[in-house]
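S.K.: whatever this is, show me its structure:
(one chain, ligands or ions: 1)
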Amino acid sequence: MKIKVNEQLIGLTPYQPGKPIEDVKRELGLDKITKLASNENPFGSSEKAKEAIRNSLDELALYPDGYARNMREKVAQFIGVDENQLIFGNGSDELIAILCTALLSPAKNTVMANPSFSQYSHNATLQGAEIRMVENINGEHDLDGMLKAIDENTAIVWVCNPNNPTGTYISEEKIVNFIKNVPEHILIVMDEAYNEYSVAEDYPNTLSYLKDYPNMIILRTFSKAYGLAALRVGYGVGDPELITALDPARGPFNTSRIAHAAIVAAVDDQEFIQTCVKANREGLEQFYQFCKENRLDYFPSQANFILIDFNRSGQEVFDYLLRKGFIVRSGTALGYPTSVRITVGSKEQNEEIIQALTEML
Ligand code: PMP
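M.R.: Purely as a prediction, here's the structure:
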């Protein structure tokens, strides 16, 4: 190719989440595939959200409201913040990219836990920033190590709570102690993609810290507990000045009209969320039981997935499960080479994968 792309792109691979179901069906000639790879909601999404989508089908010719007023009002009211504290993205993925575009450059560095969500380093690499990875301890962020890695050229520090891929969470006490010690010139990104699933009593209510810490942004998404991953909507909550400064970095119509309609309805259907969160806890118990019976190590999870250590190549377990019709994530690609990450499915799906795994052991 004669075209020369920017140097930072060379060697970067596109994000590869779980294999698509259709590809696996074709490759393996299997009829039934269960995908427990991308932490999607096994119960789908709220019926009210689907109804709202159907009702918005006559408006497909129209651009969405770039300010997302309806959705903004609804989300602001639901989480108890001002409307000017919100920025919406085409998934929180886009918000991660926006933050990197807005704050990172080759002169800057960014501090993150490792392993954690891959898009932080991916987007930081695109900006040419120096990446400072701080190894997890027991699957948890080493917050002291992260503080030590910070200096005057640090622009962003990433906290993933609960963490992907471990599912572990950081308690209120630890978070408060951490954010107190992050200098004001550094943006703390609190990625709470799985917050709805977190039932720990000391899971931090970070929204309440925003007034004291204008150098923090909280990222959330409708892709997980809300089961609306197809719509691609995430949001950031922060200080109005920061939100205003970030806004030009986003596409003018980055969230769709259909998504706005669905999300307004989905937020109103908290019963659906509660049912899913409860089922998720029960599902996690199925996996804990399996791990205990088979003496397998795992991280207790506050999310909708579990990272299990099989004491053998995670890729091997992944391949075995694929042949049995289950798509999961191999820990090999996630920084835990002897583990696999399994999304908690429905009770039946969990039983089926546990059965397959029991046959493997
Ligand atoms: N953050 C974390 C920790 C995630 O696991 C994910 C989804 N894999 C995202 C952000 C991005 O989610 P989305 O773009 O669908 O909002």
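S.K.: rest of the way, CA atoms for contacts and neighbours
M.R.: OK.
S.K.: show me what contacts residue 309?
M.R.: Neighbouring residues of residue 309 by C-alpha atoms under 8 Å, 6 or more residues apart in numbering: 296, 297, 298, 338, 339, 340.
S.K.: do residue 206 as well
M.R.: Neighbouring residues of residue 206 by C-alpha under 8 Å, 6+ apart: residue 218.
S.K.: would you mind measuring from it to the ligand?
M.R.: According to C-alpha to the nearest ligand atom, to the nearest Å, residue 206 and the ligand sit 16 Å apart.
S.K.: count the neighbours of residue 50 for me.
M.R.: Each residue near residue 50 was counted by other C-alpha atoms under 10 Å, and the total is 18.
S.K.: not counting its neighbours along the chain, what's nearest it?
M.R.: Closest residue in space to residue 50, ignoring its immediate chain neighbours: residue 262 at 6.6 Å, by C-alpha to C-alpha, 6 or more residues apart in numbering.
S.K.: might you report the residue contacts of that neighbour?
M.R.: Residue 262 is in contact with 48, 49, 50, 51, 52, 53, counting by C-alpha under 8 Å, 6+ apart.
S.K.: now, which of these lie within strands?
M.R.: Judged by DSSP state E, strands contain none of the contacts of residue 262.
S.K.: touching, residue 277 and residue 197? I think so.
M.R.: Yes: between residue 277 and residue 197 there is a contact under C-alpha atoms under 8 Å: 5.5 Å.
S.K.: flag the shaky bits of the chain, pLDDT-wise.
M.R.: By pLDDT under 70, the weakly predicted segments of the chain are 17-18.
S.K.: OK, contacts around residue 53?
M.R.: Residues in contact with residue 53 (C-alpha under 8 Å, 6+ apart) are 258, 259, 261, 262.
S.K.: verify the stated contact: the third one with residue 59.
M.R.: No: under the criterion of C-alpha under 8 Å, residue 261 is not in contact with residue 59, lying 10.8 Å apart.
S.K.: name the residue in those two with the higher neighbour count.
M.R.: Remark: of residue 261 and residue 59, residue 261 carries more neighbours, 21 against 11, as counted by other C-alpha under 10 Å.
S.K.: the nearest residue to the more buried one once chain neighbours are set aside - how many residues pack around it?
M.R.: Ranked by C-alpha to C-alpha, 6+ apart and with sequence neighbours excluded, the top spatial neighbour of residue 261 is residue 52, at 5.7 Å. Other residues lying near residue 52 total 20 when counted by other C-alpha under 10 Å.
S.K.: not counting residues beside it along the chain, what's closest to residue 37?
M.R.: Closest residue to residue 37 apart from its sequence neighbours, by C-alpha to C-alpha, 6+ apart: residue 328 at 4.1 Å.
S.K.: from residue 244, how far off is the one you found?
M.R.: Per C-alpha to C-alpha, to the nearest Å, residue 328 is found 39 Å from residue 244.
S.K.: settle it for me: which of these two has more neighbours?
M.R.: Comparing residue 328 with residue 244 by other C-alpha under 10 Å, the one with more neighbours is residue 328, at 24 against 15.
S.K.: what parts of the stretch 101-250 of the chain come near the ligand?
M.R.: Within the stretch 101-250 of the chain, the positions lying close to the ligand (C-alpha under 6 Å from any ligand atom) are 117, 160, 164, 191, 193, 221, 223, 229, 232, 233, 234.
S.K.: any idea how far stretch 341-349 is from the chain center?
M.R.: Chain-centre distance of stretch 341-349: 17 Å, with C-alpha atoms, centre = their mean, to the nearest Å.
S.K.: likewise stretch 93-107?
M.R.: Going by C-alpha atoms, centre = their mean, the spacing between the C-alpha centre of stretch 93-107 and its chain's C-alpha centre is 17 Å.
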